[in-house]
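Asks: take this sequence and fold it.
(one chain, ligands or ions: 2)
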Amino acid sequence: MRIKVLGCSGGVGPGLRTTSLLLDEEILIDAGTGIGDLTLSQQRRIRHVFLTHCHLDHVCGLAFMADNLFDLIDEPIAVHASRETLQTLREHVFNWKIWPDFSVLPDENNPLLRWNEVAMDEKLELGDGRRITPFRVLHTVPANGYAIEGRSGTFAFTGDTYADDALWHFLNGLPRLDKLMIEIAFPDKEAALGYASKHFTPDLLGRELRKLEHRPKLYLTHHKPGTEASIERECRQALRGWEYAHLKRGDTISLS
Ligand SMILES: [Zn+2]
Ligand SMILES: [Zn+2]
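Replies: Ligands and ions are numbered 1, 2, ... in the order given. So this is what the prediction gives:
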């Protein structure tokens with residue numbers, strides 16, 4: 001199982017792309033601006049898109065990818081997300097005003113996108129021994145993360161999230177957890193903004209991690225552009241004792 005980081009920043013700028021992960025060439029987890037680095041033939045291979053929530057930095061690439069692939073694919077791309085996320089996308093993005101409704105284009109029987117509502121804590125088979133489970137997280141809008149179990153280990157991605165016992169309860173319930181991708185959007189001095197926007201800061205994440213019974217390698221993501229150096233400095237203290245890395249666009253996370 002191989003996860004390529006197409007984007008993992010909290011914003012855009014030179015070399016920065018927003019959240020999108022490519023799992024084994026045919027599955028996307030979130031569809032931020034990171035998908036803009038995929039060639040057209042790579043985009044044609046995508047069969048599934050799993051979304052964590054409806055915020056623009058996680059979904060905008062889906063609109064452009066659908067437009068790119070018009071008339072180029074025979075089977076619809078399955079877009080998996082919670083009921084609330086799908087509803088928001090359909091009402092506010094793919095609504096013929098912001099963007100065409102690609103779930104009825106080129107025609108209703110042969111659409112480009114097929115919406116698939118996922119249920120929290122219910123496993124979906126991905127083939128090749130891989131299974132994905134959505135789990136609820138706390139954010140300003142309904143949001144979820146995904147745990148992906150493969151033959152050689154388990155990777156979990158929280159998406160945008162904040163301190164919440166339900167998150168740790170779910171992760172502690174996994175039989176194993178080898179790698180955890182989790183967000184830190186702001187440095188500690190912006191803890192009030194983190195609380196308001198439901199994003200982690202280093203000190204809060206360090207304290208919350210005491211509730212985690214597994215000891216995964218941590219992959220830190222979603223740093224707001226311009227705050228990277230402060231967050232890295234604060235993590236040296238807040239995450240002392242943890243194995244961790246600050247993710248960058250182009251990094252690969254392997255489970256083997
Ligand atoms: Zn968000
Ligand atoms: Zn975000």
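
Asks: would you map the helices across the stretch 151-256 of the chain?
Replies: 165-172, 191-197, 202-208, 228-238 (DSSP state H, counting those that start in this stretch).

Asks: ok, the least confident helix or strand in the chain by mean pLDDT: who's next to it in the sheet?
Replies: Lowest on mean pLDDT, DSSP states H and E among the helices and strands of the chain sits strand 106-107, with a mean of 90. Looking at strand 106-107 with DSSP bridges, its partner strands are strand 110-111 (antiparallel).

Asks: the partner strand: what's the following helix or strand?
Replies: strand 113-117 (DSSP states H and E).

Asks: in that following strand, what's buried?
Replies: Leu113, Trp115 (16 or more other C-beta atoms under 10 Å). Yep, even glycine has a C-beta here, placed from its N, CA and C like the rest.

Asks: for the residue of the stretch 1-150 of the chain found nearest ligand 1, give me the pLDDT.
Replies: Residue nearest to ligand 1 within the stretch 1-150 of the chain: His55 (3.5 Å; C-beta to the ion). Listed pLDDT for His55 reads 98.

Asks: now do the contacts for it.
Replies: Neighbouring residues of His55 by C-beta atoms under 8 Å, 6 or more residues apart in numbering: Val141, Asp160.

Asks: re the thing from before, which residues touch the least confident helix or strand of the chain?
Replies: By C-beta under 8 Å, 6+ apart, strand 106-107 touches Phe70, Asp71, Leu112.

Asks: again, but for stretch 200-214
Replies: 161-163, 165, 168, 171-172, 174, 176-177, 180, 182-188, 190-191, 194, 218, 231, 234-235, 237-240, 242.

Asks: any of those residues buried? List them.
Replies: 161-163, 168, 171, 174, 177, 180, 182-188, 190-191, 194, 218, 231, 234-235, 238-239, 242.

Asks: got the phi/psi numbers for the residue of the stretch 151-256 of the chain found nearest ligand 2?
Replies: Of all residues in the stretch 151-256 of the chain, the one sitting closest to ligand 2 is Asp160 (4.4 Å; C-beta to the ion). Reported as degrees, to the nearest 10, the phi and psi values for Asp160 are phi -70, psi 130.

Asks: quick one: pLDDT of Ala119?
Replies: 98.

Asks: check which helix or strand covers it.
Replies: With DSSP H and E as the test, Ala119 turns up in no helix or strand.

Asks: contacts only, for it.
Replies: Pro134.

Asks: and it, how far is that from Thr154?
Replies: 20 Å (C-beta to C-beta, to the nearest Å).

Asks: cool, Gly194 as well?
Replies: Between Gly194 and Thr154 the distance is 27 Å, computed by C-beta to C-beta.

Asks: what do you get for Glu243?
Replies: 16 Å.

Asks: which of the two has more residues huddled nearby?
Replies: Applying other C-beta atoms under 10 Å to Glu243 and Thr154 shows that Thr154 carries more neighbours, namely 22 against 10.
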